[in-house]
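S.K.: Coordinates only, no sequence provided:
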C-alpha cells in the first residue's frame, strides 16, 4: 500500500499478504515502512492485487 497525505503525495508504503475469498472482505493492518509520518497520512491506496 501507499500511504498518502492530503495532497495525494506518497509519504511511505507498507506491505501485508492476505488471502480473501471472492465476494468477501477482510480488515488488514498494514505497518508503515516509516511510522514517523503516521500523523499526516489521510489516505491509503492498494498498489498490487494478485
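M.R.: Good, I have the coordinates. In this text the structure is predicted, and so the values were computed from the model without any measurement. Residues are numbered from 1 along each chain as shown.
S.K.: can you pull out the strands in the chain?
M.R.: Along the chain, counting by DSSP state E, strands occupy 2-4, 10-13, 43-45.
S.K.: Out of these, which gets nearest to residue 22?
M.R.: strand 43-45 (21.9 Å; CB to CB). To be clear about C-beta, it is placed using only N, CA and C from the backbone, and glycine gets the same treatment.
S.K.: Would you list the phi and psi of residue 25?
M.R.: The phi and psi values for residue 25, taken as degrees, to the nearest 10, are phi -130, psi 160.
S.K.: wait, what's in contact with it?
M.R.: With contacts defined as CB atoms under 8 Å, 6 or more residues apart in numbering, residue 25 has no neighbours.
S.K.: and if you look at residue 16?
M.R.: Residues counted as contacts of residue 16 (CB under 8 Å, 6+ apart) are 1, 28-31.
S.K.: Could you do residue 43 as well?
M.R.: Contacts here follow CB under 8 Å, 6+ apart; on that basis residue 43 touches 3-4, 6, 8.
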